[in-house]
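# here is my input, please return the structure:
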Amino acid sequence: MEFKIQKLENHTLIEVQDEKLDTNIAPGLKSELVLISGNGEKNIVLDLSCCRYCDSSGLSAILVANRLCKNAGGTFVLTGLSEAVERLITISQLDTVLNIAYSKEEAALTIAKVYGDK
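Model prediction:
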């Protein structure tokens, strides 16, 4: 399984279960994100704790998640970044655009603060 998806109280948690978020995984992630957003979810936490590598397709999927949440009036939070993935996001200057948390708990708190536990 490539993803573990949990609907929690005020957000959906998506955990990528693969070591690489690349051209093999990213299209499936984008599809899941569109389905989740289409079901009315506006707050998404993407956990990349298992990922050690991300390419441009992976970055594209991350940006799709961010855009879907933003367009729905919600919040997207990225968490569990390995050093390599964090470096790629920083080099791409996406760290200025994305909400990044250091744990799933911190990500949930970020969403709770913004939306008052809705």
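
# first-to-last residue distance for stretch 64-84?
Start and end residues of stretch 64-84 are separated by 21 Å (CA to CA, to the nearest Å).

# so what's the gap between that stretch and the chain middle?
Using CA atoms, centre = their mean, to the nearest Å, the mean C-alpha position of stretch 64-84 is found 4 Å from that of the whole chain.

# stretch 19-30 too?
Stretch 19-30 sits 12 Å away from the centroid of its parent chain (CA atoms, centre = their mean).

# which residues in the chain form helices?
26-38, 56-71, 83-91, 104-115 (DSSP state H).

# mean pLDDT lowest where, among these?
For the helices of the chain, the weakest mean pLDDT is recorded on helix 104-115, namely a mean of 88.

# now do the contacts for the closest residue to Val97 other than its chain neighbours.
Computed as CB to CB, 6 or more residues apart in numbering, the closest residue to Val97 that is not its neighbour in sequence is Asn66, at 7.0 Å. Heads up, the C-betas are built off the backbone N, CA and C, glycines and all. Neighbouring residues of Asn66 by CB atoms under 8 Å, 6 or more residues apart in numbering: Phe76, Val97, Leu98.

# which residues does the spatially most central residue of the chain contact?
Centroid-nearest residue in the chain, with CA atoms, centre = their mean: Leu46, separated by 2.7 Å. Counting by CB under 8 Å, 6+ apart, Leu46 makes contact with Ile14, Val16, Ile62, Ala65, Phe76, Val77, Leu78, Thr79.
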